[in-house]
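Q: sequence plus predicted model, see below.
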Amino acid sequence: MRGRGFLWTLVLGSLLAVGVLWGTIVALDYGPQLGLDLRGGISITLAPDQGQDYTQEDLGDAVDVLRARVDALGVAEPELARRGDNIMVQLPGLENQNQAEDVIERTASLQFRRVRDIVYPPGDPRAGRFQRPSSDAPSYQQVGPPCEQLDQRFVDQGPPPDDQEIVVCETADRQAGGANGETGGESAQSDDEAQPRAKYVLGPTEIPGDAIEDAQARLSQQGAWQTQLQLDDQGADTFAEVTADLACASVGSIERRFAVVLDGQARSYPVSSDVPCDVGITGGAAVIDTGSQAQAEEIATVLRGGSLPIQLSITQSEAVSPTLGQESLEGGLQAGFLGLALVAGYLVMLYRGIGAVAIAELAMFGVVVYGLIIVLGNTIGFTLTLAGIAGVVVSVGIAADSSIIYRERYRDEIRAGATVRSAADKAFTRAFRTNLTGNTVSFLAAGVLYLLAIGPVRGFAFTLGLSTLIDTLLLATFTRGLFGLVSRNKRLARSRWMGLRAHTVAPRLTRAGDGVTTAAGEQAPAPGDGQGERAHSEDADSHDTEVGREP
């Protein structure tokens, strides 16, 4: 049997721990990390293209690349996970669905290649501006299939081999610029994507895409948007060697041009006339002219993340509006508060005053659960979803069960003739053992569900398991201490409304020989039965423990 000091320690210690928890939340300005269904966003599912060979390791590498791209988008707490051979990408708070799809689906295969020849479609005003490598210019139709087929070939077959000469088409926006950042001045008169595009005959890869250390969207000195690249040491050396060789070609020659091939489409850049022959461009800096800020940032984002090891296609994409997410959040919170109110009202009707004490216990439970959800969201990245709120609402019932079992055990002890104080102590011992067994089963079930389930169900299992642990801890500390202090208070214990006295929970008990007889004359268990022994053992208690019996 514990004293008042021990009980006060349990109660005050619990309150202090909760105070520290919420003090940390307020001091660090933490807030709950809401999932896609609660604050809106974009959900995308990707699958490998059919016909290509890939391994599970390739899928894992693809997830890593996608995570780097998503991080570059600035999305708070994104969720990326594999579901079999599919990859699920959840982007809470992001509204631009087209941007998200472009960044995620793009392969980001980058190669630097020498330009062997450029063949323009008939009527293109850029034709004839450059010195050709031979006087026998092939016709536009003779150089490779149509651009649509060349683009699709990249989609179907992936990046072209590094050691082969290839034919690709220029980008649909027809942007071009200088290798040192200056504009080349040969953009097409029209940016209509339906117009025929120039075809590039390119040599083997000189610098692969993995030589890029960084990529940033910047404005050039001429006010045009570019993606500025920084190459690693080996890439910088190779870039200097190639541009030194290209700079030796005559100004205006096609052979003076360098091409950047991104996802099967080319942008070509003339080496500026001020680059000295056999010296080249040093420093490892290169640019990709893009024309718009959005495109410059998109290219920079995918290049920083790296190339996807396999071809992926979007099989499903949906957007959840912030308004719908807010409505879901409000609905979940209302369900939680309504559940707490109904449970609290039921406990008061059933147990009167000691039921009101249970309200304080449930309030403490709610404060701790919500506080830990906030802290876990800002430390380990736990995202609260609508399914997670459902887990919390279900756990309110678990916490109510703990209160009900404790109070029913207390009633059993009072019916057996125990005093108020001893009944509270013994009821805790028996109730805690029962609740520990039940909560262990609930926690194990939540753990199995979390490990085997996918998607939102894992959020439900996580909050259910977390709430079960919190309920067990609070039952052993705050609930035990608070109920014990109430049972030791003379005024509260004597109050008829509190429901602590014997006649408020069972017929009046009176001694009758070796047993205990009710006012109706029914024989209660004798001392030898165990329950009667508990009643006799309390005779020596102090006067404040006798209030459980009728005078």
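A: Good, I have the coordinates. Numbering: from 1, shown residues only.

Q: for A360, give me its contacts.
A: L482 (C-beta atoms under 8 Å, 6 or more residues apart in numbering). Quick note: C-beta positions are derived from backbone N, CA and C, even for glycine.

Q: quick check: it vs L475, distance?
A: 13 Å (C-beta to C-beta, to the nearest Å).

Q: likewise R82?
A: Going from R82 to L475 by C-beta to C-beta gives 39 Å.

Q: out of those two, which sits in the more crowded spot?
A: With neighbours defined as other C-beta atoms under 10 Å, R82 and L475 compare such that L475 has more, 24 against 14.

Q: and the closest residue to the more buried one other than its chain neighbours, how many residues sit next to it?
A: Nearest non-adjacent residue to L475, counting by C-beta to C-beta, 6 or more residues apart in numbering: S402, 5.1 Å away. By other C-beta under 10 Å, 26 other residues sit near S402.

Q: and if you look at G283?
A: Neighbour number of G283 under other C-beta under 10 Å is 11.

Q: phi, psi of it?
A: phi 100, psi -10 (degrees, to the nearest 10).

Q: secondary structure element for the residue nearest to L475?
A: Per DSSP states H and E: S402 is located in helix 386-415.

Q: and the next helix or strand past that helix?
A: helix 420-452.

Q: look up how far A453 lies from T45.
A: Distance from T45 to A453, counting by C-beta to C-beta: 17 Å.

Q: ditto for L21
A: 28 Å.

Q: ok, back up a step: buried residues of the helix holding S402, list them for me.
A: Neighbour-count burial for helix 386-415 flags 386-396, 398-415 (criterion: 16 or more other C-beta atoms under 10 Å).

Q: try stretch 213-220
A: 215, 217, 220.

Q: could you dump those residues into CSV with pLDDT and distance to D151 added?
A: As requested, the buried residues of stretch 213-220 are arranged in CSV below (pLDDT from 0 to 100; distance: C-beta to C-beta, whole Å):
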residue, pLDDT, distance to D151
A215, 87, 23
A217, 89, 24
S220, 83, 27
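
Q: tell me the contacts of A476?
A: Under the criterion of C-beta under 8 Å, 6+ apart, the contact list for A476 reads F432.

Q: from N435, how far off is it?
A: A476 is 9 Å from N435, by C-beta to C-beta.

Q: per-domain residue ranges of this structure.
A: By the record's domain assignment, the chain is partitioned as 4-33+328-536, 36-99, 109-304 (automatic domain parsing).

Q: which parts of the stretch 201-350 of the chain are strands?
A: Remark: strands assigned in the stretch 201-350 of the chain by DSSP state E, counting those that start in this stretch are 212-219, 225-231, 257-262, 265-270, 285-289, 312-320.

Q: for the last one, give me every contacting residue.
A: Counting by C-beta under 8 Å, 6+ apart, the neighbours of strand 312-320 from elsewhere in the structure are 36-37, 40-49, 62, 86-87, 95, 97, 101, 104-105, 107.

Q: these two touch, right, D263 and Q111?
A: No. With contacts counted by C-beta atoms under 8 Å, D263 stays clear of Q111, the gap being 10.1 Å.

Q: okay, the two: which has more neighbours?
A: Q111 (22 against 18).

Q: quick check: that one is in a strand.
A: Yes. In this structure, Q111 lies within a strand as judged by DSSP: H, G, I helix; E, B strand; the rest coil.

Q: now do the contacts for the nearest residue to A335 once chain neighbours are set aside.
A: Distance criterion C-beta to C-beta, 6+ apart; nearest residue to A335, sequence neighbours excluded, is V393 at 5.6 Å. Shown in contact with V393 (C-beta under 8 Å, 6+ apart): 332, 335-336, 339.

Q: please apply the same query to A211.
A: 231-232, 234-235, 238.

Q: what's the pLDDT at the closest residue to it other than its chain neighbours?
A: Leaving out its chain neighbours, the residue that sits closest to A211 by C-beta to C-beta, 6+ apart is G235, at 2.9 Å. We have a pLDDT of 90 for G235.

Q: now do V287
A: For V287, the model assigns a pLDDT of 82.

Q: how close does it sit to S109?
A: Going from V287 to S109 by C-beta to C-beta gives 18 Å.

Q: so between these two, which is more surrounded?
A: Between V287 and S109, V287 has the larger neighbour count (other C-beta under 10 Å), namely 22 against 19.

Q: just grab the bridge partners of that one for me.
A: Q228 (DSSP bridges).

Q: picking that back up, wait, isn't the residue nearest to A211 in contact with D214?
A: No. With contact defined as C-beta under 8 Å, G235 does not count as touching D214 (11.5 Å).

Q: list the buried residues for the helix or strand that contains A356?
A: A356 belongs to helix 353-379 when elements are defined using DSSP H and E. Neighbour counts over helix 353-379 (16+ other C-beta under 10 Å) mark 353-359, 361-362, 364-366, 368-378 as buried.

Q: from the chain's centroid, how far away is it?
A: 24 Å (C-alpha atoms, centre = their mean, to the nearest Å).

Q: average model confidence for it?
A: The model assigns helix 353-379 a mean pLDDT of 86.

Q: can you list the domains of the chain in TSV and add distance to T315?
A: Formatted as TSV, those follow (distance: least, C-beta to C-beta, whole Å):
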stretch	distance to T315
domain 4-33+328-536	15
domain 36-99	5
domain 109-304	15
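
Q: now for those domains, which one comes closest to I310?
A: Proximity to I310 (C-beta to C-beta) singles out domain 36-99 among these, at 4.5 Å.

Q: G366: what's it in contact with?
A: With C-beta under 8 Å, 6+ apart, G366 has these contacts: 336, 340, 396.

Q: please repeat the previous calculation with a cut-off of 7 Å.
A: Residues near G366 by C-beta atoms under 7 Å, 6 or more residues apart in numbering: L340.

Q: quick check: the gap between it and P146.
A: 65 Å.

Q: what do you get for V394?
A: Distance from V394 to P146, by C-beta to C-beta: 59 Å.

Q: what do you get for V343?
A: Distance from V343 to P146, counting by C-beta to C-beta: 69 Å.

Q: surely M88 meets A81?
A: Yes. Counting by C-beta atoms under 7 Å, M88 touches A81, with 5.1 Å between them.

Q: who has more neighbours out of the two?
A: Under the criterion of other C-beta under 10 Å, the comparison of M88 against A81 puts M88 first, with 17 against 13.

Q: now do whichever strand or helix holds that one: which elements does it pack against?
A: Assigned by DSSP H and E, M88 belongs to strand 86-92. Here strand 86-92 touches helix 36-39, strand 41-48, helix 56-72, strand 79-83, going by 3 or more C-beta pairs under 7 Å, 6 or more residues apart in numbering; DSSP states H and E.

Q: tell me which strands and helices the first one is in contact with?
A: Counting contacts by 3+ C-beta pairs under 7 Å, 6+ apart, helix 36-39 packs against strand 86-92, helix 322-351.

Q: list the contacts of the closest residue to L376 other than its chain neighbours.
A: Closest residue to L376 apart from its sequence neighbours, by C-beta to C-beta, 6+ apart: F382 at 4.1 Å. Contacts for F382 (C-beta under 7 Å, 6+ apart) come out as 33, 373, 376, 462.
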